[in-house]
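Visitor: starting from these lines, generate the structure:
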Amino acid sequence: MALVSTLVAILHLIFFLHNSEVGMARFLFFVLLVFITCAPTILINSATSSDGLIRPMNLKGANLSKSNLTGLFLEKANLQEADLKGAKIWRTNLRFSRLQYATLTGAHFWRANLRGASLQGADLKGAYLAETDLSKTVLEHANLYNANLNYANLSGANLRRAYLRDTSLEYAILNGADLTDAKIKGSRLYGADMRRAKGVTQAMLESTSGDLRTQIPPGLRRPLSWHMLRSDDDP
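Guide: Okay, here's the model as predicted:
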């Protein structure tokens with residue numbers, strides 16, 4: 001339908017171009033008509049692949065610092081090396097997106113969906129990721145210093161060599177997560193589920209804080225330094 005409208009507009013334009021009595025105003029009007037008619041088709045075709053599916057958005061290296069991306073559909077988007085410092089990313093769909101080496105310091109990802117996303121080497125220092133779905137994400141070498149991951153779902157996530165110093169992981173789900181060579185000193189693991197986490201050593205646990213509700217991998221023991229319950233949970 002859009003193509004038919006475009007052809008009609010072009011034919012009108014040709015007709016009036018051959019009419020010497022047509023004024024400049026009318027000519028400009030039909031130029032504008034052709035543009036308005038064609039623009040949606042051009043935009044849709046540029047964003048649509050040959051199989052009719054919307055192409056993933058390419059925002060590689062984009063400056064989105066302090067942007068409000070709440071609720072947007074960015075599944076499979078390319079955000080590699082993008083600047084998202086302080087961005088508001090609430091309930092945003094970023095499933096299978098590419099965020100390698102992106103700058104995400106202080107970004108707010110509350111309840112965002114990052115399942116299967118790649119954040120290798122990303123800077124998430126001080127980021128707010130509470131209640132976020134990070135299952136099966138790649139966070140290898142990512143900087144999560146002092147980040148808030150309370151109640152986040154990190155099941156099956158790749159956290160190999162990730163920097164998690166002073167990170168809050170209270171009630172986070174880490175089942176199947178790979179923490180091989182991760183730096184977790186000072187992390188708060190109160191109530192976290194680490195029953196099937198990989199790569200966790202006794203020395204790593206000793207450098208963190210937790211309690212009786214923290215579920216640790218088999219073969220490891222609860223550090224004596226952990227309190228039975230936190231003081232703010234006492235009756």
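Visitor: what's the domain layout of the protein?
Guide: 2-47, 59-229 (automatic domain parsing).
Visitor: can I assume D211 sits in a helix?
Guide: No - assessed with DSSP: H, G, I helix; E, B strand; the rest coil, D211 is coil; it does not lie in a helix.
Visitor: and stretch 198-218, average pLDDT?
Guide: For stretch 198-218, mean pLDDT rounds to 96.
Visitor: hmm, who's touching it?
Guide: 160, 176-182, 184-197, 220-223, 225-230 (Cβ atoms under 8 Å, 6 or more residues apart in numbering). (Glycine included, C-beta is placed from N, CA and C.)
Visitor: one more time with 6 Å
Guide: 178-180, 184-185, 187-195, 197, 220, 223, 226-229 (Cβ atoms under 6 Å, 6 or more residues apart in numbering).
Visitor: if any of the residues you listed are buried, give me the PyMOL selection for them.
Guide: Command for PyMOL that selects the buried part of those, burial taken from 16 or more other Cβ atoms under 10 Å:
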select buried, resi 178+179+180+184+187+188+189+190+191+192+193+194+197+223+226
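Visitor: E75 contacts N93, doesn't it?
Guide: Yes - here E75 reaches N93: they are 5.2 Å apart, a contact under Cβ atoms under 6 Å.
Visitor: from the contacts of stretch 198-218, which ones fall inside strands?
Guide: Judged by DSSP state E, these include no members of strands.
Visitor: thinking again about what came up before, and the domains of the chain, which one averages the lowest pLDDT?
Guide: domain 2-47 (a mean of 47).
Visitor: just say which of the domains of the chain is most tucked in.
Guide: Compared across the domains of the chain, domain 59-229 shows the largest average neighbour count, a mean of 20 (mean count of other Cβ atoms under 10 Å).
Visitor: that one: how far from the chain's middle?
Guide: Its chain's C-alpha centre and that of domain 59-229 lie 11 Å apart, by Cα atoms, centre = their mean, to the nearest Å.
Visitor: what's the span of stretch 76-91 from first residue to last?
Guide: 15 Å (Cα to Cα, to the nearest Å).
Visitor: repeat for stretch 65-84
Guide: Stretch 65-84 has an end-to-end distance of 4 Å (Cα to Cα).
Visitor: ok, now stretch 97-111?
Guide: For stretch 97-111, the end-to-end distance is 16 Å (Cα to Cα).
Visitor: would you map the helices across this protein?
Guide: All helices of the chain, identified by DSSP state H, fall at 2-17, 24-47, 202-206.
Visitor: just the CA trace of the shortest one, in CSV.
Guide: Coordinates of the C-alpha atoms in helix 202-206 are reproduced here as CSV (Å, rounded to 0.1, in the frame of the first residue of the first chain):
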residue,chain,number,x,y,z
GLN,A,202,37.0,-21.6,51.0
ALA,A,203,39.4,-18.7,50.9
MET,A,204,36.9,-16.7,48.8
LEU,A,205,34.2,-17.3,51.3
GLU,A,206,36.4,-16.3,54.2
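Visitor: noted, bye for now.
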